[in-house]
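Enquirer: Just to be clear, the model below is a prediction. Sequence and coordinates:
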Amino acid sequence: MKERAWTRLSAVAFLAAVVLRASAGAAGGQSAPAPLARGWGWLLASGIASAVDLADRTVTVAVTGEGQAAVFEGGANWRLRPVSGTEVVRLLPAAVIADADREPVALAALRTGTPVLVWGALRPDASVLGLTLMMPQFRARPAPAVSIVPQPGISGVVIRSLGGVLDVLTPRGVRRSVIVTGATAVRSSGGEYQSAGIGGGPPGIAPFDLIKVEGTVNSDGSIASTHIEIELAAAGAAQVSGAVSKSFGDVDGLVVGGVMVAASGETYFLRGIDPAAFGGLAPGQAVTVYGTPISMGSVPIGLRARLVVMR
């Protein structure tokens, strides 16, 4: 890990960081991230994967860079310690495992001998629950060829909804108009398609929802949708709002409102309704993060970000 990444670490900046407590609050019965008890903390380190257990989702990391951990002891007290030797990291089911392009990959892509960056919650027994594992020297796939032909289907985040037209921002930061008609079928992820009906705008689709669209491309580049799947409904997603108290560019990690947030290449960043980037985040920036909880059983540990809206 580069030295500059560690000079920025301070216990004060993490006063509200990784102290998480179990609470229910997300829609659908999911647990929402919230402060935990004293004795928990965080760990950030770089090294080499010396062993990988796919069945147990554990990675043994031989720490080669400057690693650091901090344990919350109550009040304003943190106990800092360097990290060296080896650390066994248990990757939680919703943890981010990403390649050099920040694109999520399967744990099976990890091989022994691979350089890694790990960021995770530190339990009172000193075991590490990994929220993010980056492979900075591994690329899972070649860069896609640039297409100049509009595709009949897109995915993206809804930034506006006006009547029967959705303004959608794609992962590449391109705005596309999606036309919804009475023939459009809409469904929530895993549900049944329902007719959109006529008038009143697309049912169940709102700004900040993440959607997949199928349809035909009109001459002006807009898409006449036939099917729309709501991948993540913002209103029902786990979320946290507040000021960014810490930002880790090396692992795309944030601390917001006392919650550890793991971002990746699948995360959309908006400033208002305009495209933004992780690099635009800094301590003090007000944000709302939408995503899926990262938990250990019923204990919430953090949040896997799908959308970060800067205010």
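Expert: Nice, I can see it.

Enquirer: May I see the buried residues of stretch 285-301?
Expert: Within stretch 285-301, the residues that qualify as buried are Gln285, Val287, Thr288, Val289, Tyr290, Gly291, Thr292, Pro293, Ile294, Ser295, Pro300, Ile301, counting by 16 or more other Cβ atoms under 10 Å. The way it works is simple: take the backbone N, C-alpha and C, and place the C-beta from them, glycine included.

Enquirer: Just to check, the last one is in contact with Ile294?
Expert: Spelled out, it's Ile301. Yes: because the distance of 5.0 Å satisfies Cβ atoms under 8 Å, Ile301 is recorded as touching Ile294.

Enquirer: before we move on, back to that, flag whichever of the buried residues of stretch 285-301 scores worst on pLDDT.
Expert: When the buried residues of stretch 285-301 are sorted by pLDDT, the bottom entry is Pro300 at 83.

Enquirer: quick revisit: quick one: which of the buried residues of stretch 285-301 is nearest to Arg123?
Expert: Distance to Arg123 across those (Cβ to Cβ) is lowest for Ile301, with 9.5 Å.

Enquirer: Provide a list of residues in contact with that closest one.
Expert: Leu20, Pro33, Leu92, Ala121, Leu129, Leu131, Met260, Pro293, Ile294, Ser295 (Cβ atoms under 8 Å, 6 or more residues apart in numbering).

Enquirer: host element of it?
Expert: Per DSSP states H and E: Ile301 is located in strand 299-310.

Enquirer: quick one: strands adjacent to that strand?
Expert: Each strand that strand 299-310 pairs with, and the sense of that pairing, follows from DSSP bridges: strand 259-262 (parallel), strand 268-271 (parallel), strand 286-296 (antiparallel).

Enquirer: now the ones you listed as JSON lines including distance to Gly164?
Expert: Formatted as JSON lines, the strands paired with strand 299-310 follow (distance: least, Cβ to Cβ, whole Å):
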{"stretch": "strand 259-262", "distance to Gly164": "34"}
{"stretch": "strand 268-271", "distance to Gly164": "23"}
{"stretch": "strand 286-296", "distance to Gly164": "24"}
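
Enquirer: Enumerate every residue touching Asp99.
Expert: When the contact criterion is Cβ under 8 Å, 6+ apart, the partners of Asp99 are Val105, Ala109, Met134, Met135, Phe138, Arg139, Ala140.

Enquirer: how does it look with 10 Å?
Expert: For Asp99, the set of contacting residues under the criterion of Cβ atoms under 10 Å, 6 or more residues apart in numbering consists of 105, 109-110, 134-141, 264-265.

Enquirer: and if you look at Leu270?
Expert: By Cβ under 10 Å, 6+ apart, the residues touching Leu270 are 157, 159, 169, 207-208, 276, 287-288, 307-311.

Enquirer: Mind giving me the ChimeraX select for those residues, buried ones only?
Expert: Restricted to the buried members of the contacts of Leu270, where burial is judged by 16+ other Cβ under 10 Å, the ChimeraX selection command reads as follows:
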select :157,159,169,207,208,276,287,288,307,308,309,310
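
Enquirer: Distance from the strand holding Ile301 to the middle of the chain?
Expert: Put simply, strand 299-310 sits 6 Å off its chain's centre (Cα atoms, centre = their mean, to the nearest Å).

Enquirer: Keeping just the C-alphas, turn that strand into PDB.
Expert: Extracted in PDB, the C-alpha atoms of strand 299-310 (Å, rounded to 0.1, in the frame of the first residue of the first chain):
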ATOM      1  CA  VAL A 299     -25.800  -8.800  12.400                       C
ATOM      2  CA  PRO A 300     -25.500  -5.900  10.000                       C
ATOM      3  CA  ILE A 301     -21.900  -5.000   9.200                       C
ATOM      4  CA  GLY A 302     -22.000  -2.400   6.300                       C
ATOM      5  CA  LEU A 303     -23.600  -1.500   3.000                       C
ATOM      6  CA  ARG A 304     -22.800  -2.500  -0.500                       C
ATOM      7  CA  ALA A 305     -23.400   0.700  -2.600                       C
ATOM      8  CA  ARG A 306     -25.300   0.600  -5.800                       C
ATOM      9  CA  LEU A 307     -26.000   4.400  -5.900                       C
ATOM     10  CA  VAL A 308     -24.300   7.300  -4.200                       C
ATOM     11  CA  VAL A 309     -26.200  10.700  -4.500                       C
ATOM     12  CA  MET A 310     -24.100  13.700  -3.600                       C
END
